[in-house]
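> Dropping the sequence and predicted coords here.
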Amino acid sequence: MTAGIFELAVVMLLAAVLGVVAKFLRQPVVLAYLATGALLAYLGWTKLIDRETFQVFSDLGIMFLLFLVGLEVNWDSLRIVGRSAVALGFGQVIFTFGLGYGIAWLFGFPAIHAAYIAFALTISSTVIVVKLLSEKRDLHSLSGRLAVGILIVQDIAAILLLIFLSGFTSGEGFSLTGLLIAVLQGTALFVCIFWLGRKLVPLFVDRIAGSQELLFLVSLAWVFLLAALVERIGFSIEIAGFIAGISLANASEHFQIAGRIRPLRDFFILIFFVLLGSSISVVNLQSIGWPVIAFSLFVLVGNPLIVLALMGFMGYRRRTSFLTGIAIAQISEFSLVLAALGRKIQHLDDGTVSLITMVGIVTITISSYLIIHGDALFKKLHRPLKIFERKVTRENGVSAGERPRPVILIGAHRTGQAIATSVPRNDLLVVDFDPKVIGELKGSGYAYLFGDIMDPDIAERAHLAEARLVICTSPDFDDNMNLVKFLMHHMPRPKLIVRAEDELQAELLYAAGADYVLLANFTAGQYLGKTIALDPAMKILEHLKKRDLTMLKHKRRFLPPPPVPDVAHPHPIES
């Protein structure tokens, strides 16, 4: 067998097996890669690996990782999350870095090692947080948006630091001259590529977009061309990936490019994490055991406390602050990339790199469960967390007074908007945790409550038990089940309509006491089926089309529906 193929086959097979285990345990697959490297080191198989070839693969993995980061940069993201999220992000980075540096200093780490460790502790994993919040359907909640805002600030800081460090050669120390040269080279390179990405590159990419294979090939050629260029002027090839991604971010085909490049990134970044995991040895663990525990506790407990304190000072409710804090209670892939780069330019030794890697393994593992079970944790801790909440918060606003409303709508996105525009405004209270939705409601004059209905304070202020009808359009089964159980304890209780994603959920919600369960696909299909059965000539479709187009135009801004005739049966139907 060709040299290297057997070793690569062993690595891939072991990573695949551990990846299945990680999926079963609801853990990110990056932990499987690190565990693969650690297991290979423990078994003594790393001697079989061609380190030089695998190191090239590792560098390519970081390059493609940063290429996708640059490709998916959204310059409007900071504007969307708002000034509060940006201020919160900068505050978290500053306080976490300062305290992390102090802890490293107490353990006796040299200044440059302490700085690397402290910065590694400030960066949280965008990939893991966004994935878990999306699975929980909390990405558009206030806490989710604030967490994303913090992550954006962290990513910007990490990219700037990587650009700066890539200007240092192996073994070179920090100096004012080196700093100025690195900053000037990085700035000139970034400005040049950014200009090309705004003016020329998108035009050229648009010309070849008709062929997906050619688009993929040209994108790869562009990345490697920049890699060769930046290596010539003294930067590492990894940073070429980021600036190449930035230059293509404005192309309309950047989604197609990202889809083609992502499998390459996944393969090569696997090798990077395997090599990183293989650097962990039993001897290293014995010498760094207590620092690993201390830094892990700082990330898992100290980071959320910093966010809780900052958000409490800024006027956010304790639930929002708590969920935002635990969302960033882990270190990032960027932290591991930073550690690997520090070792490459001889700023760090293997012991410090192993320390940061172990902190990553511990915090990513535990924080995944914290995010998944965040609501249950808050219920147990909500009383002591009251010290982080002001008496008057920025989430208290209810327009048009706080009198009980006969109809309460929980969630005002697609389905909720259609309901909201069909119910008299004076009878309706909308509860939502999406700041964008709340802004639209406020501008349209609806009574609203900004928060999560699962927050006991929000449920009390909404006067749920006094309503005539409660409608929850949230697709979260646990939230809907908890809402049903909560209202079942109130007599007389309001009628309750909730939403289910499948038939099993619907049956469970009915069994718990829901008055009606909305199955979006089932309900729409049933309505359309009856319409077709009653109107074989399909004359009703034109009427339905006109009505729906009119309704959609008004629905966008929560405007009341225009007066339209009932078109359910626009003409007599023969029996």
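Yes, it's here.
> And K546, what's its pLDDT?
Note on K546: pLDDT of 70.
> Same question for V81.
Listed pLDDT for V81 reads 53.
> same deal with the one 10 residues further on?
Model confidence at G91, given as pLDDT, is 90.
> again, but for H463
H463 is given a pLDDT of 83.
> Give me the distance between it and V230.
61 Å (Cβ to Cβ, to the nearest Å). Every C-beta, even on glycine, is put in place using the N, C-alpha and C of the backbone.
> quick one, which of those two is more surrounded?
V230 (23 against 16; other Cβ atoms under 10 Å).
> Who are the contact partners of the more buried one?
S166, L189, S236, I237, I239, A240, I243 (Cβ atoms under 8 Å, 6 or more residues apart in numbering).
> List the buried residues of the helix or strand hosting Y510.
Y510 is part of helix 503-512, with elements assigned from DSSP states H and E. Buried residues in helix 503-512, counted by 16 or more other Cβ atoms under 10 Å: Q505, A506, L508, L509, A512.
> Show me which of those is closest to V423.
Distance from V423 was checked for each of the buried residues of helix 503-512 by Cβ to Cβ. The minimum falls on L509, at 22.0 Å.
> quick one on the thing from earlier: check the contacts of V230 against G411 and report the nearest one.
Using Cβ to Cβ, those come closest to G411 at I243, 41.1 Å.
> For the closest residue in space to the closest one that isn't next to it in sequence, list the residues it contacts.
Leaving out its chain neighbours, the residue that sits closest to I243 by Cβ to Cβ, 6 or more residues apart in numbering is I193, at 4.5 Å. By Cβ under 8 Å, 6+ apart, the contact list for I193 reads L226, I243, A244, I246, S247.
> roughly how far apart are I193 and K199?
Taking Cβ to Cβ, one finds I193 at 11 Å from K199.
> What of A244?
For A244, the distance to K199 - Cβ to Cβ - is 16 Å.
> Which of these two has more residues huddled nearby?
A direct count of neighbours by other Cβ under 10 Å for A244 and K199 places A244 higher, at 28 against 10.
> hang on, the more buried one in a strand?
No. Under DSSP: H, G, I helix; E, B strand; the rest coil, A244 sits outside any strand and is assigned helix.
> Surely it and L226 touch.
Yes. Judged on Cβ atoms under 8 Å, A244 makes contact with L226 at a distance of 4.8 Å.
> helices and strands around the helix or strand containing V11, which ones?
Under the criterion of DSSP H and E, V11 resides in helix 5-24. In terms of contacts (3 or more Cβ pairs under 8 Å, 6 or more residues apart in numbering; DSSP states H and E), helix 5-24 is packed against helix 29-43, helix 254-278.
> Return the angle between stretch directions for it and helix 29-43.
If you take axes from the mean of the first three to the mean of the last three Cα atoms, to 10 degrees, helix 5-24 sits at 130 degrees to helix 29-43.
> So which bits of helix 5-24 are buried?
E7, L8, V11, L14, A15, L18, G19, A22.
> residues touching the closest residue to the third one other than its chain neighbours, list them.
When you say that, I think you mean V11. Leaving aside its chain neighbours, V11 sits nearest to V274 (5.7 Å; criterion: Cβ to Cβ, 6+ apart). Residues in contact with V274 (Cβ under 8 Å, 6+ apart) are V11, A15, Y33, L34, T36, G37, L40, F54.
> Roughly how far does the third one sit from V274?
Translated: Y33. In this view, Y33 and V274 are 6 Å apart by Cβ to Cβ.
> list residues touching both of those two?
A15.
> just to revisit the earlier point, could the buried residues of helix 5-24 go into TSV alongside distance to P456 and pLDDT?
Formatted as TSV, the buried residues of helix 5-24 follow (distance: Cβ to Cβ, whole Å; pLDDT from 0 to 100):
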residue	distance to P456	pLDDT
E7	56	77
L8	54	81
V11	50	84
L14	47	87
A15	44	88
L18	41	89
G19	39	88
A22	35	85
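> And those, which is closest to H489?
A22 (39.9 Å).
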